Structures are given as structure tokens and as C-alpha cells.
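Sequence first, predicted coordinates after that:
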Amino acid sequence: MADREKVLLEDQVLRDGLQMESRIFSLAEKVKIFHLLKEAKVPRIQVGSFVHPKLVPQMADTDALIRQLICTSDVILTGLILNDKGLERALACGLSQVSMSVSASDTHSRKNANRSADEALTSMAALISQAKKANLKVRAGIQCAFGCVYEGKVSEEKVLAAAQAMASAGADEVSLADTTGMGNPRQVRSFVRRVGKELPRMDLSLHLHDTRGLGLANMYVGYEEGVRIFDVCAGGLGGCPFVKGAAGNVPAEDAVHMFEAMGVETGIDLAKMSKVVEELESLLGRPLPGRMTRVLRAKGLSP
């Protein structure tokens, strides 16, 4: 994405946003949320993950949801896969783009994937190759890239080695994930710059959690260093089930406001994005942490 005045925001509320919610969303509710996101002109939406329903009950209907939405035009559908079975399911659903991820933290990897970080990376590199042979577009993510609540600082060399391994396996995009929300702007700037130099032809994206209130700041410095793809969640929902206190992603509506206020095009309708947030708040029965919906509501501009 060479144009410095545009960014691509991928909304992950249907996956990352819902995965920790105890209230199980019905298929019909998820379809409605998707169409609200589409009406807001969100260009890329991660609609679920292919994991065992006993581990993440919220994702039990991912296959059915994708089959219902797969013919949708003007929006890219993605799904998260973690193993061979997940890849088989993604292909059976007709997805053309998938996300895969491993953790740079050995402890987090064992909690999240029941295997060491090195074992997970070896397996994921092979899975990326399989996906590319099946003509899928692959976004490869590295969890805990900016720190781990179990291990503290994570080696940049280890994260970079994982990025290089997945790029060599054929990944089309590499995502650095601040799973624990421990990253800070100076750290993000330095590491994004380093990865950009090491992988100059690779599309780079950021998956930022707002656990410590630095999500937007980290997003901004990532943008300054050339990143043009960012993950967001309507309302700021989300978090990792294996990281205590890991708050959700940067609220989609707040990211849209920040970029548009700077003259950077997102293509997303902020007022209609707020309608997604209001639907989620109604379903969950609580206010969400994003700010711009409240701002628009106070001004009488929220749908």
C-alpha cells in the first residue's frame, strides 16, 4: 500500500471482539453485525476463527457464518486458522484469504497452542506453504511481538526470525501483534523500522491492543513508519483468553476519527461505524470503551 494518504483497517470484532464474551452471539446476530460493518464500508472483516468450539464456544458457527456471507461483494472476508484442520475448514467454506499466527513467547505459545514457540513456528511455516499451494492469500501474525505478561521483554531477534520464516514460506503480509498491550510508541517505531528494513517488499500490519491506553499512539507511530494496514475492533471489544487483563483492540471508530482528522483516508463512514457500536452495546447491555460513539451521540450525530 504505497499511497501514504490511505490506510486499510481490518475490523475483527466478530472474531477477536467476541471470543472472550460469555454471552454467545447467535448466527443471526453475527450476520447483522457483519452487514452493519459492510454498510459502514469496512474494507476487510475477520469473521471468525477455525478453532474447536470447546476451546472458544463463540466461534462454533464460524463455518456456517462464512458460507452465508461468502458471496458478499465489496468486502474481503478473512478467518483465523491455527492448524491443518482449520485450513481444511477454511477451504471448504470458500475463503480466499486467511490469517495464521504464532507466539514469539514460549510460555504464551504453550498456553495458547499447547506447544513451544519453535514447534508452533515450524508447523505454521508448513501450513502457510499448504495454504499458498491452495491459492489462498495469507496474513501471518506474530503474537506477543512487543512483550509478554509471562516472560516480560520478548527478543526482537526472535520476532524477526519468525517474520522471516513466515515470509520465506510464502506469506503475503506479516502482522506484528501487541497481544498483551505492552508496547509503547518508541518501541513500536524502532521495531517497525527494523522489520521494514529486513523485509522491504513485505506488506506489514499491526494488531494493537489498548490494555494500557497506548493503542492509538502506537498506531500513529506505526503509520509514521510506513505501516498502512491496521486491525481494529468496533467499540474496542476483544482480548486474548490466555492473557489476563488483555483489553481489546483499538476501537475502530476512534482509529477512523484519528486518521480522517489527519487527512488520511480510511474509506469508512464514521457515523455508520458508530451504529455498529450501538448495536453491540445493546446486545451486551453495557457501554464499550471506544470514545467516538459517545462524542457523536452527545452531538446528536449518532444514527
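Okay, I see it.

Spatially central residue in this protein, please.
Taking Cα atoms, centre = their mean as the criterion, Asp231 is the residue nearest the geometric centre of the chain, at 4.3 Å.

Packing partners of the strand or helix carrying that one?
Using DSSP states H and E, Asp231 sits in strand 229-232. In terms of contacts (3 or more Cβ pairs under 8 Å, 6 or more residues apart in numbering; DSSP states H and E), strand 229-232 is packed against strand 8-11, strand 173-178, strand 203-208, helix 215-224, helix 252-261. All C-beta atoms are positioned from the backbone trio N, CA, C, and that covers glycine.

Include mean pLDDT and distance to Asn184 when you put these into a markdown table, please.
Shown next, in a markdown table, are these (pLDDT from 0 to 100; distance: least, Cβ to Cβ, whole Å):
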| stretch | mean pLDDT | distance to Asn184 |
| --- | --- | --- |
| strand 8-11 | 98 | 22 |
| strand 173-178 | 96 | 10 |
| strand 203-208 | 97 | 11 |
| helix 215-224 | 97 | 7 |
| helix 252-261 | 97 | 17 |
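
For Val159, which of these is the nearest?
Set against Val159 and scored by Cβ to Cβ, those come closest in strand 173-178, at 7.2 Å.

quick one: the nearest residue to Cys148 once chain neighbours are set aside from Arg89, how far?
Nearest residue to Cys148 in three dimensions, chain neighbours excluded: Ser105, at 3.7 Å (Cβ to Cβ, 6 or more residues apart in numbering). Between Ser105 and Arg89 the computed distance is 27 Å (Cβ to Cβ, to the nearest Å).

partners of the residue nearest to the centre of the chain in the sheet?
Per DSSP bridges, the residues bridged to Asp231 are Glu10, His207.

Now do the contacts for it.
Contacts for Asp231 were tallied using Cβ atoms under 8 Å, 6 or more residues apart in numbering; they are 9-12, 16, 46, 175, 205-208, 249-250.

hmm, try it at 10 Å
Neighbour list for Asp231: 9-12, 15-16, 44, 46, 99, 139, 141, 175, 177, 205-209, 219, 238, 249-250, 252, 255 [criterion: Cβ atoms under 10 Å, 6 or more residues apart in numbering].
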